[in-house]
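J.: Got a predicted structure plus its sequence, pasted below:
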Amino acid sequence: QVRLVESGGGSVQAGGSLRLSCAASGATYLITCIGWFRQAPGKEREGVARIYTGAGSTFVDDSVKGRFTISQDKSRNTVYLQMNSLKVEDTAMYYCAGVVCGTWRPAGYWGQGTQVTVSS
């Protein structure tokens, strides 16, 4: 089993920054790609960024490209989502999850989520 734990969410004013963390533990070899997702109230869940934990290659959705960056610290089994120039519309619950590499398809492991609230 794999456990994913997100942290780093909070409240920030528009234009501010937050860094989310996704710490993996357990049978981490079962996950080769990790994605960050978000879901705002009344909206569908959407993929934001993902990373191939082997080579470190990344993909960032166009909706946040240039503002969000995904990275990892393999020694800590942790994936980060650096969010800059935050907008009110970035307000959502953010989740990390194992994904099928190259896709947004979940691979069965989810964290509990961390709330991000951006105010104007």
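T.: Received the coordinates, thanks.

J.: Can you read off the pLDDT for the residue nearest the centre of the chain?
T.: Residue closest to the average C-alpha location in the chain (Cα atoms, centre = their mean): Trp36, at 2.6 Å. The model reports Trp36 with a pLDDT of 98.

J.: Go ahead and confirm it touches Ser21.
T.: No - between Trp36 and Ser21 there is no contact under Cβ atoms under 8 Å: 10.6 Å. The C-beta positions use only the backbone N, C-alpha and C, and glycine is treated the same way.

J.: roughly how far apart are Val60 and Gly113?
T.: For Val60, the distance to Gly113 equals 20 Å [Cβ to Cβ, to the nearest Å].

J.: Look at the two and report which has more neighbours.
T.: A count of neighbours by other Cβ atoms under 10 Å puts Val60 above the other of Val60 and Gly113, at 19 against 16.

J.: what about Phe41, neighbour count?
T.: Careful, residue 41 is Pro and not Phe. Pro41: 7 neighbours (other Cβ under 10 Å).

J.: sorry, that was for Gly47
T.: Gly47: 19 surrounding residues under other Cβ under 10 Å.

J.: show me the contacts for it.
T.: Going by Cβ atoms under 8 Å, 6 or more residues apart in numbering, Gly47 touches Gly35, Trp36, Phe37, Asp61, Val99, Trp104.

J.: ditto for Ala92
T.: With Cβ under 8 Å, 6+ apart, Ala92 has these contacts: Arg38, Gln39, Ala40, Lys43, Gln115, Val116.

J.: which residues do Trp36 and Ser21 both contact?
T.: Between them, Trp36 and Ser21 share the contacting residues Val79, judged by Cβ under 8 Å, 6+ apart.

J.: ok, Phe37 to Glu6 distance?
T.: The value you get for Phe37 to Glu6, if Cβ to Cβ is used, is 10 Å.

J.: Between these two, which contacts overlap?
T.: Tyr94, Tyr95, Cys96.

J.: what's the burial count for the residue nearest to Val100 when sequence neighbours are not counted?
T.: Leaving aside its chain neighbours, Val100 sits nearest to Ala107 (5.5 Å; criterion: Cβ to Cβ, 6 or more residues apart in numbering). When neighbours are counted by other Cβ under 10 Å, Ala107 registers 18.
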